[in-house]
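[1] Any chance you can model this:
(2 chains)
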Amino acid sequence: MIANAKHQLSKLISLATGEPTELCLKTLEVAEEGKGDIASKISFIASKKMKMSPVQAAQEIAAKLESHEWVKKAEPTGPYINFFLSDSFFSEVCTKILNEGKAYGRGGNNRRVIVESPAVNPNKPWHIGHLRNALLGNSVANILEFGGDEVQRLDYIDDLGLQVAQSLWGYLNSEGKIEGKADHWMGAEYVKVASKMEQDAIVKKEAEGILKQMESGSGDVAEQARKLTEECVRAQYETASNYGVSHDALICESDILREVFKEGMQKLKDNNAVHHETSGKNEGCWVVKLGGKMSGMEDPDKILIRSNGTATYTGKDMVFQLWKFGKLNGEFNYEKFLSNPNGKSIYITSKEGKRKDGFGKAELVINVIGVEQKYPQEVIAHVMGLLGFEEEAKNSIHLSYEHAWLPEAKFSGRKGTWLGHTADELLEEGQKRALEKVKGDFEDDEKKEIAKTVSAGAIRYAFLKIAPEKKLIFKWDEVLSLEGDSGPYLQYACVRARRIMEKANFEPSPQPHAFNDDEKRLLKELGRFPEVVQDASRKMRPHIIADYIYNLSNVFSRFYTNSRVLNAETQEERKTRLAMVVAFEKVLSSGLGLLGVPIPNRM
RNA sequence: GGGCCCGUAGCGCAGCCUGGAUAGCGCGACACUCUCCUAAGGUGAAGGUCGAGGGUUCAAAUCCCUCCGGGCCCGCCA
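    Numbering: from 1, shown residues only, chains lettered A, B, ... in the order given. Prediction:
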């Protein structure tokens, strides 16, 4: 809506100055507090042709502006022209949001998009670091979907890693008994075995032997590995579910190797994208030559197939990327695995499953992976280009993020520094803290449910409000903050709005009304939502949404404190303000939905 | 050797893409504020050489260059 206003204003300015409307549009921005509603800095540009100072120009231009039903007045202030919008404009913002409801702010993109996240090894619980990835991927998927895209949320399961073999070794050597939540048990086992392996060559050999049998794809060990893997993933997805993270399909590495790997590599060979080294230190390997594009490196070659014939991580990921873009004939079989919190099924690839349409064949592929993998991700995009897939190379997005750190050091899966910092424990601790703040006469169960919702909201917001390239140093008090710039603050604002709506016994509808400053601020902010969503979608940055809804709620809280709704003086005022509350609730719940912050009914 | 990211108030961040009005916010610390839609709220005051230096510009936190501090990458690991 603000975009519409800007558009109208740019036409007026263009008429007054003779400058093109596009240029005039660029000079417009939402004005600072107390300086009108929208400001233009056109005078800095127009003053040159007018041969006068920007301050003089502003006065000249303001005097020449035609009137418009949305403009109450246009006031030159120094070199700026400050536009004060009319009550009819504010009224229209409100009406529009009420009419469009949940659809308000939705975009018209229509791409087929894959978001891959978080690809946690299936032998340990999610810790705080994995959580950042999962939340980022989940939120970006939400945002793109809201922008109109058709989004597939995929997860990559590395079921053939040494890590799984190590956990399996532990399983086989401990009477095969899993105690507690499977992912936690396997993680602890993995840490033990990893340190044993360092000291004991026999253990190392045995674990490697297990891996070999897993890779063969058949036999008891392979079957046990698959079973154990699935059990772990189920446990991890319990965590995901508690955090409101949903997926559509899990793609297992073993299935990539079985179904599409050969074809993918053949394609690379046929197109001379990879070369077989017959001498030198990479003798026997298939490598990608990166000399031209990525110069300055000591060794500008990237190995995709080792001399022993096995694929490197980048090799597998390369082929997977081809599949994501629908460049391979090979397909996976799927079976139903779990259900998302929203009831939709989660599928997993498997040998015995059935074909299923709807996955892959994307035009935009977003891989949510830590910054440290920038280089291999660049290689993958580069190779897409070598195959002649220029568009796909451009649309191979590495959505990178800095890691979550402990104050002392980085997380290490192998060393087990994550112990005590799993996503499950974080949620629990948050729930405990929130529980202390829940007042009101709720049943105990209800209280716990509220506290859990508050905790999940606090954590999701705390992770998502920070730009992904910032290192996230984990501190309990900051992540679980319940006040100020926090998830619970937003939940609270939403709950308060809903309470007003519940208690109202009349219909919300904007009436002829002289909007006060608090009301204008609120409507102006509400009017920005579509632009904000577009920006966040284009940049794939959820913190833009976080910033916005925090600011929006700030403005609402002020309105809430100063302007009575249910017992406002006149009937017109009551109806108009209630309409604003409804509009706010719509936009805030949309915004919270994009971040995946759940909203309690009461708190 | 080459490349990427971060540096804004005591602490944690937004703003940088797309340059413009006295640089915003939260936490912490200070002072107010619940006979009235939930005080997980609101208000006020305090706190900043935007890492340093140069350049471009009428105008630089924002663009360019150099340097400093911190982190990461350039594996037949994942």
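[2] What pLDDT is listed against the closest residue to residue A:20 other than its chain neighbours?
    With sequence-adjacent residues excluded and distances taken as Cβ to Cβ, 6 or more residues apart in numbering, residue A:20 is closest to residue A:14, at 6.5 Å. Using the backbone N, CA and C atoms, a C-beta is placed for each residue, glycine as well. In this prediction, residue A:14 carries a pLDDT score of 96.
[3] you'd agree residue A:14 is up against residue A:21?
    Yes: counting by Cβ atoms under 8 Å, residue A:14 does reach residue A:21; the two are 4.3 Å apart.
[4] coming back round to it: quick check, the residue nearest to residue A:20 in a strand?
    No: secondary structure of residue A:14 (DSSP: H, G, I helix; E, B strand; the rest coil): helix, not part of a strand.
[5] Let me know how buried it is, in neighbour terms.
    17 (other Cβ atoms under 10 Å).
[6] can you pull the contacts of residue A:17?
    Neighbour list for residue A:17: A:24, A:42, A:46, A:61, A:64 [criterion: Cβ atoms under 8 Å, 6 or more residues apart in numbering].
[7] does the fourth one sit in a helix, a strand or a coil?
    Of the three states, residue A:61 takes helix under three-state DSSP.
[8] ok, the residue nearest to it when sequence neighbours are not counted - contacts?
    Using Cβ to Cβ, 6+ apart and skipping residues adjacent in sequence, the residue nearest residue A:61 is residue A:16, 5.1 Å away. When the contact criterion is Cβ under 8 Å, 6+ apart, the partners of residue A:16 are A:61, A:64-66.
[9] how far away is residue A:16 from RNA strand B?
    17 Å (Cβ to the nearest atom of the strand, to the nearest Å).
[10] For whichever residue of the stretch 51-200 of chain A sits closest to RNA strand B, list each beta-bridge partner.
    Taking Cβ to the nearest atom of the strand, RNA strand B has its nearest neighbour within the stretch 51-200 of chain A at residue A:80, 3.6 Å off. As for beta bridges, residue A:80 partners with residue A:77 under DSSP bridges.
[11] Next one: it relative to residue A:40, how far apart?
    For residue A:80, the distance to residue A:40 (Cβ to Cβ, to the nearest Å) stands at 7 Å.
[12] And for residue A:156?
    Distance from residue A:156 to residue A:40, by Cβ to Cβ: 49 Å.
[13] Please say which of those two ends up with more neighbours.
    residue A:40 (33 against 20).
[14] who's in contact with the more buried one?
    Neighbours of residue A:40 in contact, by Cβ under 8 Å, 6+ apart: A:9, A:13, A:24, A:27-28, A:80-81, A:83.
[15] And the pLDDT for the residue in chain A that RNA strand B sits nearest to?
    Nearest to RNA strand B in chain A, going by Cβ to the nearest atom of the strand, is residue A:484, at a distance of 2.1 Å. On pLDDT, residue A:484 comes in at 96.
[16] tell me the secondary structure for it?
    Three-state call for residue A:484 (three-state DSSP): coil.
[17] Give me the neighbour count for it.
    8.
[18] and the longest helix seen in chain A, what's its mean pLDDT?
    Counting by DSSP state H, the longest helix found in chain A is helix A:571-595. Across helix A:571-595, pLDDT averages out at 97.
[19] other SSEs contacting that helix?
    Helix A:571-595 sits against helix A:87-100, helix A:128-146, helix A:444-464, helix A:487-503, helix A:517-539, helix A:543-562, with contacts defined as 3 or more Cβ pairs under 8 Å, 6 or more residues apart in numbering; DSSP states H and E.
[20] part of a strand, is residue A:169?
    No: according to three-state DSSP, residue A:169 belongs to no strand; its state is helix.
[21] And the pLDDT at the residue nearest to it when sequence neighbours are not counted?
    Spatially, and ignoring its direct neighbours in sequence, residue A:169 is nearest to residue A:207 (4.7 Å; Cβ to Cβ, 6+ apart). Residue A:207 is assigned a predicted lDDT (pLDDT) of 90.
[22] What of residue A:176?
    So residue A:176 comes in at 63 (pLDDT).
[23] Could you list the contact residues of the stretch 51-200 of chain A toward RNA strand B?
    Contact residues (Cβ under 7 Å from any atom of the strand) of the stretch 51-200 of chain A with RNA strand B: A:54, A:77-80, A:82, A:121, A:158, A:161-162.
[24] Looking at those residues, which one is closest to residue A:367?
    Ranked by distance to residue A:367 (Cβ to Cβ), those are led by residue A:158 at 14.0 Å.
[25] residues touching the closest one, list them.
    Contacts of residue A:158 by Cβ under 8 Å, 6+ apart are A:119, A:121-122, A:164, A:253.
[26] quick one: is the host helix or strand of residue A:223 near RNA strand B?
    Assigned by DSSP states H and E, residue A:223 belongs to helix A:220-242. No: using Cβ under 7 Å from any atom of the strand, helix A:220-242 stays clear of RNA strand B, coming no nearer than 13.0 Å.
[27] remind me which residues of the stretch 201-350 of chain A are low pLDDT?
    A:291-299 (pLDDT under 70).
[28] quick one, strands of it?
    A:249-252, A:275-276, A:286-289, A:301-305, A:334-339, A:345-349 (DSSP state E, counting those that start in this stretch).
[29] wait, is residue A:506 part of a strand?
    No: counting by three-state DSSP, residue A:506 falls outside a strand, being coil.
[30] before we move on, back to that, among the contacts of residue A:17, the buried ones, what's the ChimeraX command?
    Filtering the contacts of residue A:17 down to the buried ones (16 or more other Cβ atoms under 10 Å) takes a single ChimeraX command:
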select /A:24,42,46,61
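[31] Among the contacts of residue A:17, which lie within helices?
    Counting by DSSP H, the contacts of residue A:17 place A:24, A:42, A:46, A:61, A:64 in helices.
[32] I'd like these written out as TSV, with pLDDT added.
    Shown next, in TSV, are the ones in helices among the contacts of residue A:17 (pLDDT from 0 to 100):
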residue	pLDDT
A:24	95
A:42	96
A:46	93
A:61	96
A:64	94
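[33] which pair in those spans the largest distance?
    Among the ones in helices among the contacts of residue A:17, A:24 and A:64 lie farthest apart (Cβ to Cβ), at 13.0 Å.
[34] Do I have it right that residue A:527 meets residue A:37?
    No: using Cβ under 8 Å as the test, residue A:527 is too far from residue A:37 to be in contact (9.6 Å).
[35] Show me the common contact partners of these two, please.
    Common neighbours of residue A:527 and residue A:37 (Cβ under 8 Å, 6+ apart) are residue A:5.
[36] Now do whatever helix or strand residue A:48 lives in: distance to the chain's middle.
    Following DSSP H and E, one finds residue A:48 within helix A:42-50. Chain-centre distance of helix A:42-50: 42 Å, with Cα atoms, centre = their mean, to the nearest Å.
[37] mind listing what's buried in it?
    Applying 16+ other Cβ under 10 Å to helix A:42-50 flags A:42-43, A:45-47, A:50 as buried.
[38] ok, those residues vs residue A:107, which is closest?
    residue A:42 (28.5 Å).
[39] Tell me the confidence at residue A:146?
    98.
[40] So it is in contact with residue A:107, correct?
    Yes: contact criterion Cβ under 8 Å: residue A:146 and residue A:107 qualify, at 6.8 Å.
[41] The two: who's more crowded?
    Taking other Cβ under 10 Å, residue A:146 and residue A:107 do not tie; residue A:146 has more neighbours (24 against 17).
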